[in-house]
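Asker: Give me a model of this one.
(one chain, ligands or ions: 1)
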Amino acid sequence: MTVIVVESKDDVISKLCEIIETTAIESIQNKGLFLIGFSGGSLATFLSKGLPKIKTKDFSQWRIFFCDERLVPVDDADSTYGLYKRSLIDSGAVALKEEQFIQIKQGVSAEDAATDYASQISKFFPGSSLPTFDMLLLGMGPDGHTCSLFPGHPLLNETKRWVAPITDSPKPPPSRVTLTFPVINNARVCVFATAGKEKADMLKRILVDQEKLPAARVQPSTGKLLWIVDREAGIHLNKH
Ligand SMILES: O=C(O)[C@H](O)[C@@H](O)[C@H](O)[C@H](O)COP(=O)(O)O
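Answerer: Numbers count the residues shown, from 1 in each chain. Below you'll find the predicted structure:
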């Protein structure tokens, strides 16, 4: 695991997007595609600000998945895809098309949305027992959750399904689908981008005290794990 402490939230955004770009170039050179998972929350703000500033202008080989998604209509303010659509596609900020986003089926039950999304993912990993995303971009909630995997929730122990439904999310909205730990921990690179003093205590519990909170259970089996944090969020971390 690597922890990078930078000064400000803007530095988190710059470092995050620099690493995304480098990984994208490598993935596209290796296999002609870059398969990345986006989370919601403040990460969506980070990417909306940072992606338009990277040198890459050809995003055509990017395929964008969701580490989790809320089961609300795309035009709902809570829709993670809707947020990226408005800020990256509709705004023309980056050369991404809707069809490059692997979207979660709307208007069906959480169970059906999870099954459908897993089926869509499997098309990119034919014959694989687990998908291997090139990069998963993760957030850490104030309670130590990541994706829609919350403390004490039975989903933390899901070992079979790639995508799971949740209808009792403590973070609204309640109905979501989420990648599960077997998939998350099979990624080539998992990156947390975390900023703000409100995250400092939880970051200490995860990175220093090593409490087994959901975000601490992101431990890629062979891939890399990177935390990019600003000074405020990292105030309790030992200076290396
Ligand atoms: O859709 C979601 O809610 C996110 O995927 C969620 O897992 C998020 O990453 C964390 O809640 C952190 O969000 P903040 O960075 O906004 O606290």
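
Asker: Would you mind measuring from Ser60 to the ligand?
Answerer: When distances are taken as CB to the nearest ligand atom, to the nearest Å, Ser60 and the ligand turn out to be 26 Å apart. Where C-beta positions appear, they are placed from N, C-alpha and C, glycine not excepted.

Asker: Name the nearest residue to that residue, sequence neighbours excluded.
Answerer: Excluding its sequence neighbours, the residue lying closest to Ser60 (CB to CB, 6 or more residues apart in numbering) is Ala95, at 7.2 Å.

Asker: what sits against that neighbour?
Answerer: 57-60 (CB atoms under 8 Å, 6 or more residues apart in numbering).

Asker: repeat that for 10 Å
Answerer: Shown here is Ala95, whose contacts under the criterion CB atoms under 10 Å, 6 or more residues apart in numbering are 56-60, 62, 88-89.

Asker: mind checking which helix or strand it is in?
Answerer: With the criterion set as DSSP states H and E, no secondary-structure element contains Ala95; it sits in neither a helix nor a strand.

Asker: residues in contact with the closest residue in space to Asp75 that isn't next to it in sequence?
Answerer: Counting by CB to CB, 6+ apart, Asp75 lies nearest to Gly82, which is 6.0 Å off, once chain neighbours are set aside. When contacts are counted by CB under 10 Å, 6+ apart, Gly82 is found next to 44, 69-70, 72-76, 90.

Asker: Of those residues - the most surrounded one?
Answerer: Neighbour counts for the contacts of Gly82 peak at Glu69, which has 28 neighbours (criterion: other CB atoms under 10 Å).

Asker: Could you double-check that that one lies in contact with Gln120?
Answerer: No: counting by CB atoms under 10 Å, no contact exists between Glu69 and Gln120, whose distance comes to 11.9 Å.

Asker: Identify the contacts common to these two.
Answerer: Taking CB under 10 Å, 6+ apart as the contact definition, Glu69 and Gln120 share the neighbouring residues 103-104, 163.

Asker: Out of those, name the ones that lie in helices.
Answerer: Secondary structure assignment (DSSP state H) places none of these within helices.

Asker: The protein: helices as residue ranges?
Answerer: Going by DSSP H, the chain shows helices at 9-31, 42-50, 80-84, 110-122, 181-184, 200-203.

Asker: how about those in TSV, adding mean pLDDT and distance to the ligand?
Answerer: Formatted as TSV, the entries for the helices of the chain read as follows, by pLDDT from 0 to 100; distance: least, CB to the nearest ligand atom, whole Å:
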stretch	mean pLDDT	distance to the ligand
helix 9-31	98	11
helix 42-50	97	3
helix 80-84	98	5
helix 110-122	98	14
helix 181-184	98	11
helix 200-203	98	10
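
Asker: Let me have those in CSV, adding distance to Met140 as columns.
Answerer: CSV is the format used below for the helices of the chain (distance: least, CB to CB, whole Å):
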stretch, distance to Met140
helix 9-31, 12
helix 42-50, 10
helix 80-84, 16
helix 110-122, 22
helix 181-184, 13
helix 200-203, 7
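
Asker: ok, now how distant is the residue nearest to Ser60 from the ligand?
Answerer: Relative to the ligand, Ala95 is positioned 24 Å away (criterion: CB to the nearest ligand atom).
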